[in-house]
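**Q** using only what follows, build the 3D model:
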Amino acid sequence: MFVLPTRRGVPLPAVFRRFAPAIPHPLQLPAKTIGALGRMAAEATSPVEIAISTQRNHVAFRLRIGANEVVVYSRLLEGPFPNYEQVIPKNNPKTLTISRLALREALDRVATHSDNITHQVKFAVAPDEVRLSVNTADVGAGDESIDAKYDGDELEVGYNANYLLDILKTIETENVLFRLNTSISAGIVEPEGALAEGTEDILCLIMPLRLPEPAAV
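**A** Residues are numbered from 1 along each chain as shown. Predicted structure coming up:
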């Protein structure tokens, strides 16, 4: 099993992709290498071949893009990899199932009114719908409702819209599944059902943003 955790920014979302290439030992790669490989793999017209140096300090990735053969060389990082399993919540009992495309489009529209630093959008989650809302001084307000299935107490939570849009672009299934707990705890976003590649699964972790206190009356 090969696990590929990727992270960016603060607060951090993380995407964990698990798949099964024929690699006998764990590899630690620089983030830039992973990013470049991801972009090229999306256009690849052949499987990606992996070759590791005998000293186990460099690795080569060979693939074809159209008529061109591409080889990417990278150094391997040394030392133990952080125990990323510790940051994955083990008790998120509230599940939300929603159309990936509907959420992506609504979030994209509402986010145009969000703060240009935090990009915060409020999610008001109820049994039959999710309401996305933004009200930013000097920018404007936006509000969208989307049908959804939710089993849990009503919940209001804030997320960075840009980070969540990145996650929704990573997932390819028709619906996405959110596993939630409280408004201040990490959420998990997963594909609903099997992916096209049966040997791969994805788990996405996103940290909430603290919502502003309601204005005093």
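**Q** who does the longest strand along the chain touch, helix- and strand-wise?
**A** The strand that spans the most residues within the chain, counting by DSSP state E, is strand 140-151. Secondary-structure packing of strand 140-151 (3 or more C-beta pairs under 8 Å, 6 or more residues apart in numbering; DSSP states H and E): strand 94-99, helix 100-111, strand 129-136. Backbone N, C-alpha and C define where each C-beta goes, glycine included.
**Q** so which of these is nearest Thr182?
**A** strand 94-99 (9.0 Å; C-beta to C-beta).
**Q** how about the CA coordinates for that closest one, as PDB?
**A** What follows is strand 94-99, C-alpha atoms only, in PDB (Å, rounded to 0.1, in the frame of the first residue of the first chain):
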ATOM      1  CA  LYS A  94     -22.200  12.900  11.800                       C
ATOM      2  CA  THR A  95     -22.400  12.100   8.100                       C
ATOM      3  CA  LEU A  96     -23.400  14.500   5.300                       C
ATOM      4  CA  THR A  97     -23.900  13.200   1.700                       C
ATOM      5  CA  ILE A  98     -24.100  15.800  -1.100                       C
ATOM      6  CA  SER A  99     -23.700  16.200  -4.800                       C
END
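**Q** on that earlier part again, make a markdown table out of the helices and strands packed on strand 140-151 and add mean neighbour count, distance to Tyr73 and mean pLDDT.
**A** Formatted as a markdown table, those follow (neighbours: other C-beta atoms under 10 Å; distance: least, C-beta to C-beta, whole Å; pLDDT from 0 to 100):
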| stretch | mean neighbour count | distance to Tyr73 | mean pLDDT |
| --- | --- | --- | --- |
| strand 94-99 | 18 | 41 | 97 |
| helix 100-111 | 18 | 36 | 96 |
| strand 129-136 | 18 | 44 | 94 |
